[in-house]
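S.K.: need a 3D model of the sequence below.
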Amino acid sequence: MKEAISDDSTPPAVRQRLEELGKILDFAKACGLRPGDSYQRYIDNGDKPVSWLVHAAPPDKLESVTWWFPFTGRVPYLGFFSRAERDEEERALKAQGYDTARGSVTAFSMLGFFPDPVYRSMTRRSRDEFAQLVFHELVHRTVWIKGSANFNERLAEVFSRRVTLAWLKSIGDEKASSDFLAMIEDRKKFGQWLGALRIALTKVYSSGMPREEILREKALVFAEFTGDRSPSFKSGELIKGRDWNNAEVMAAGLYDGDEFECPPRPITPDEARTFMEWLVANKDSGIATDETLSKACL
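M.R.: Below is the predicted model of the structure:
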């Protein structure tokens with residue numbers, strides 16, 4: 001890390017993120033997160049993602065195809081270090097008749113089994129987005145409930161947003177705070193849109209109509225929601241430009257939804273630490289629920 005900071009060939013924006021990382025990690029520790037030896041090593045992967053994902057779902061059900069792994073339990077996606085291998089798997093899933101969705105990530109968590117590095121692709125984010133990404137991945141490192149991928153992602157998203165707002169407030173960056181709040185508002189709007197879309201699709205899929213008619217109605221629902229019912233966003237487009245199908249809906253639902261209301265306000269380090277300690281102590285007690293997510297919003 002120190003070598004990358006002192007290297008004249010390191011872009012200024014990248015150096016700025018790396019120089020600030022220590023303070024972000026200190027704040028994370030104060031909030032009950034457990035970095036351990038993570039984010040001490042820098043890997044220059046250029047502009048490339050660190051992993052390529054594929055999701056799958058039946059064409060007439062809002063139900064993710066899942067895969068089981070020893071450390072994570074069941075997860076609704078497959079990750080590959082090779083884009084070509086991901087694309088090959090997607091072709092195989094399509095051949096089986098599934099809806100598919102592609103994705104990529106700039107970082108992922110080793111869930112505490114190994115130290116996580118800092119990838120250059122992470123540092124290309126804005127100040128607020130970089131901090132949130134680090135906090136998000138550290139939630140996974142601190143507490144991961146096997147077989148509950150949706151809960152884990154939503155928890156990390158909710159908690160990291162509140163910690164990010166607290167971090168930005170602590171350093172007095174009003175511009176970054178304003179930008180981050182705009183992003184949260186857009187994601188709330190997107191979650192409401194996604195929830196309404198799921199209701200409309202579920203109504204079609206449970207209608208008892210012949211399968212061919214269900215698929216025709218499905219296409220009409222997606223056309224309506226990506227057309228006249230598509231909201232506008234301030235911080236960046238979230239709907240247009242995606243080939244929406246059941247797999248895309250399920251993939252988006254890992255992070256966004258309208259099941260509960262979470263006020264966009266900072267959380268104090270003491271509040272955060274108390275909540276995180278409770279999570280760690282009770283992670284094997286069936287807490288992967290919306291009630292737990294609501295507690296993160298109080």
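
S.K.: hey, where'd the helices end up in this protein?
M.R.: Taking DSSP state H, the helices of the chain run over residues 2-6, 12-30, 83-95, 120-123, 127-142, 149-171, 174-205, 211-225, 246-252, 269-282, 290-295.

S.K.: mind putting those into a markdown table with mean neighbour count and mean pLDDT?
M.R.: All C-beta spots, glycine's among them, are computed from the backbone N, C-alpha and C. As requested, those are exported to a markdown table (neighbours: other CB atoms under 10 Å; pLDDT from 0 to 100):
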| stretch | mean neighbour count | mean pLDDT |
| --- | --- | --- |
| helix 2-6 | 12 | 82 |
| helix 12-30 | 17 | 94 |
| helix 83-95 | 14 | 97 |
| helix 120-123 | 22 | 90 |
| helix 127-142 | 24 | 96 |
| helix 149-171 | 22 | 95 |
| helix 174-205 | 17 | 95 |
| helix 211-225 | 14 | 97 |
| helix 246-252 | 23 | 96 |
| helix 269-282 | 16 | 96 |
| helix 290-295 | 15 | 90 |
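
S.K.: now these as CSV including distance to His55?
M.R.: Output for the helices of the chain, formatted as CSV (distance: least, CB to CB, whole Å):
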stretch, distance to His55
helix 2-6, 33
helix 12-30, 29
helix 83-95, 9
helix 120-123, 21
helix 127-142, 18
helix 149-171, 11
helix 174-205, 14
helix 211-225, 16
helix 246-252, 4
helix 269-282, 26
helix 290-295, 21
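
S.K.: would you mind saying which of those helices lies nearest Val54?
M.R.: Val54 lies closest, by CB to CB, to one member of the helices of the chain: helix 83-95, at 4.8 Å.

S.K.: packing partners for the closest one?
M.R.: With contacts taken as 3 or more CB pairs under 8 Å, 6 or more residues apart in numbering; DSSP states H and E, helix 83-95 sits against strand 51-57, strand 78-80, strand 99-105.

S.K.: just the CA coordinates for it, please, in CSV.
M.R.: What follows is helix 83-95, C-alpha atoms only, in CSV (Å, rounded to 0.1, in the frame of the first residue of the first chain):
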residue,chain,number,x,y,z
ARG,A,83,-15.5,-13.2,-18.2
ALA,A,84,-15.4,-15.9,-20.8
GLU,A,85,-16.2,-18.6,-18.3
ARG,A,86,-19.1,-16.6,-16.9
ASP,A,87,-20.5,-16.1,-20.5
GLU,A,88,-20.2,-19.9,-21.1
GLU,A,89,-22.2,-20.6,-18.0
GLU,A,90,-24.8,-18.1,-19.0
ARG,A,91,-25.2,-19.8,-22.4
ALA,A,92,-25.7,-23.1,-20.6
LEU,A,93,-28.3,-21.7,-18.3
LYS,A,94,-30.2,-20.1,-21.3
ALA,A,95,-30.1,-23.4,-23.1
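
S.K.: got the angle for it vs strand 99-105?
M.R.: For helix 83-95 against strand 99-105, the angle by axes from the mean of the first three to the mean of the last three CA atoms, to 10 degrees is 160 degrees.

S.K.: how far away from the center of its chain is helix 83-95?
M.R.: Relative to the chain's own centre, helix 83-95 is displaced by 22 Å; criterion: CA atoms, centre = their mean, to the nearest Å.

S.K.: that one vs strand 51-57, what angle?
M.R.: Angle between the axes of helix 83-95 and strand 51-57 is 0 degrees (criterion: the same axes, to 10 degrees).

S.K.: contacts for helix 83-95 next, please.
M.R.: 52-54, 56, 65, 78-80, 100, 102, 104 (CB atoms under 8 Å, 6 or more residues apart in numbering).

S.K.: export the helices and strands packed on helix 83-95 to CSV and tack on distance to Arg15, mean pLDDT and mean neighbour count?
M.R.: Output for the helices and strands packed on helix 83-95, formatted as CSV (distance: least, CB to CB, whole Å; pLDDT from 0 to 100; neighbours: other CB atoms under 10 Å):
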stretch, distance to Arg15, mean pLDDT, mean neighbour count
strand 51-57, 25, 96, 24
strand 78-80, 29, 94, 18
strand 99-105, 23, 94, 19
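
S.K.: okay, these in CSV with distance to Thr274 next?
M.R.: Compiled in CSV, these are given as follows (distance: least, CB to CB, whole Å):
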stretch, distance to Thr274
strand 51-57, 33
strand 78-80, 33
strand 99-105, 30
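
S.K.: related to what we said a few turns ago, pipe the contacts of helix 83-95 into CSV and attach distance to Ile184 per row.
M.R.: Listed next are these as CSV, based on distance: CB to CB, whole Å:
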residue, distance to Ile184
Trp52, 27
Leu53, 24
Val54, 28
Ala56, 29
Val65, 30
Leu78, 29
Gly79, 27
Phe80, 31
Thr100, 29
Arg102, 26
Ser104, 23
